[in-house]
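Participant: Turn this into a model:
(one chain, ligands or ions: 1)
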Amino acid sequence: MEKCQGCNYYQNGKCGTSTCIVEEGNPLNKIKHVIGIMSGKGGVGKSTVTALLANALKKNGNQVGILDGDITGPSIAKIFGIKGPVLNSENGVIPAETENKVKIMSMNLLLPKESDPVIWRGPVVAGVINQFWNDVIWGELDYLLIDLPPGTGDVALTVMQSIPVDGIIMVTSPQSLVHMIVKKGIKMTQKMDKKILGVIENMSYVQPPGYPEPYYLFGKGKTEEVVKQLGLEFLGGFPIEKEMVELADQGAIHKYDNQLFKQLADKVETTIK
Ligand SMILES: Nc1ncnc2c1ncn2[C@@H]1O[C@H](COP(=O)(O)OP(=O)(O)OP(=O)(O)O)[C@@H](O)[C@H]1O
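Facilitator: Just a heads-up that it's a prediction; the model follows:
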């Protein structure tokens, strides 16, 4: 895995060319659509949004996979309660499967201990993404969601250059600082000629039990305004949700249901067909 540099990737015993090309992927895979979940800044809830969207797409009757592109800070396996190691076959790596039958490939499923750090330079990390695309037997999927690491670095670049991404969903939290950083992700996506499906605001508000109105800790409507100024679609605001975090911490995020994500899944299905 550590043999190739930059856009290079290790396949069939040799490194690919240094030019970034769109990869065909494993011939055993029939992946209809690829969607990247991105944000400029860390900790805004990308992995949470990825997991909840995957659940909603699955519930709508789709075959769904999640490629955890956050190689150095993977959290997808943990919030679904999945542990490695994943199995290898002669045709490639067999992804793990969640209780609700979402396929998952994450760096944590390859590490001896989930708390072991991955201390690799960017190009090596980017190479692993290509391997997760090429060497994992995803089989037939309607949607592969890629949970990108925060920022506009090597991994985001590799995903946009070498994987046929149909669209990007941007995740932000309501603070203006995050808006500024999210704009960088939006500009990068536009430069790479990828479609932005819209922006979702996570941790929009809080509604403690017994309170009649939602409380907007960081102000109401600012994200929507910024998103509209950029000519993009605002996909809605998801609140700070105690029940969801408790389930995620127990490794049972598949048990959480939410109408906003049902709507998001419906939207994805009608936009990307
Ligand atoms: N709507 C929410 N309500 C409450 N807690 C949330 C919400 N969304 C995310 N969190 C919590 O915030 C933390 C960060 O979320 P998450 O891992 O999804 O963010 P991320 O953007 O993927 O982070 P990273 O930058 O590390 O990849 C987690 O503990 C998660 O449970």
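Participant: contacts and neighbour counts: CA atoms only from here.
Facilitator: Will do.
Participant: Find the closest residue to the ligand in the stretch 101-250 of the chain.
Facilitator: Ile240 (3.3 Å; Cα to the nearest ligand atom).
Participant: Quickly run through the sheet partners of the helix or strand containing Ile200, with directions.
Facilitator: Using DSSP states H and E, Ile200 sits within strand 196-202. If you go by DSSP bridges, strand 196-202 pairs up with strand 167-172 (parallel), strand 234-238 (parallel).
Participant: Show me which residues of the stretch 151-273 of the chain sit near the ligand.
Facilitator: For the stretch 151-273 of the chain, the contact set with the ligand under Cα under 6 Å from any ligand atom comprises Asn202, Met203, Phe238, Pro239, Ile240, Glu241, Lys242, Val245.
Participant: Buried ones among these?
Facilitator: Asn202, Met203, Phe238, Pro239, Val245 (16 or more other Cα atoms under 10 Å).
Participant: Reformat those residues as JSON lines; add pLDDT.
Facilitator: Shown next, in JSON lines, are these (pLDDT from 0 to 100):
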{"residue": "Asn202", "pLDDT": "95"}
{"residue": "Met203", "pLDDT": "95"}
{"residue": "Phe238", "pLDDT": "95"}
{"residue": "Pro239", "pLDDT": "95"}
{"residue": "Val245", "pLDDT": "96"}
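Participant: quick one on the thing from earlier: toward the C-terminus, what is the element adjacent to the strand holding Ile200?
Facilitator: Using DSSP H and E, the first helix or strand after strand 196-202 is helix 222-229.
Participant: what angle sits between that next one and strand 196-202?
Facilitator: 170 degrees (axes from the mean of the first three to the mean of the last three Cα atoms, to 10 degrees).
Participant: Next, count neighbours for the residue nearest to Gly84 when sequence neighbours are not counted.
Facilitator: Sequence neighbours aside, Leu109 is the residue nearest to Gly84 in space, at 4.0 Å (criterion: Cα to Cα, 6 or more residues apart in numbering). Residues near Leu109, counting by other Cα atoms under 10 Å, number 21.
Participant: Let me know which of the strands paired with strand 196-202 is tucked in deepest.
Facilitator: Greatest average neighbour count among the strands paired with strand 196-202 goes to strand 167-172 (a mean of 26), per mean count of other Cα atoms under 10 Å.
Participant: other SSEs contacting the longest helix along the chain?
Facilitator: Longest helix in the chain, counting residues (DSSP state H): helix 176-191. Of the remaining helices and strands, those touching helix 176-191 by 3 or more Cα pairs under 8 Å, 6 or more residues apart in numbering; DSSP states H and E are strand 167-172, strand 196-202.
Participant: re the thing from before, do you know how far the residue of the stretch 101-250 of the chain closest to the ligand is from Gly45?
Facilitator: Ile240 sits 10 Å away from Gly45, going by Cα to Cα, to the nearest Å.
Participant: Identify the contacts common to those two.
Facilitator: Taking Cα atoms under 8 Å, 6 or more residues apart in numbering as the criterion, Ile240 and Gly45 both touch Asn202.
Participant: show me where the chain has helices.
Facilitator: 46-59, 76-79, 122-134, 154-162, 176-191, 222-229, 242-249, 259-271.
Participant: Please identify which of these is closest to Gly210.
Facilitator: Of all the helices of the chain, it is helix 242-249 that lies closest to Gly210, at 14.4 Å by Cα to Cα.
Participant: Mind giving me the packing neighbours of the closest one?
Facilitator: When contacts are defined as 3+ Cα pairs under 8 Å, 6+ apart, helix 242-249 packs onto helix 76-79.
Participant: what pLDDT, on average, does the helix it packs on get?
Facilitator: Per-residue pLDDT over helix 76-79 has a mean of 95.
Participant: ok, residues contacting that helix?
Facilitator: 47, 51, 68, 83, 104-106, 108-109, 247-253.
Participant: With stretch 209-218 instead?
Facilitator: The contact list for stretch 209-218 (Cα under 8 Å, 6+ apart) reads Pro174, Gln175, Ser204, Tyr205, Val206, Gln207.
Participant: Lys83: neighbouring residues, count only.
Facilitator: Residues lying near Lys83 (other Cα under 10 Å) number 16.
Participant: thinking again about what came up before, the residue of the stretch 101-250 of the chain closest to the ligand - nearest residue in space that isn't next to it in sequence?
Facilitator: Met203 is the one closest to Ile240 (Cα to Cα, 6+ apart), at 4.5 Å.
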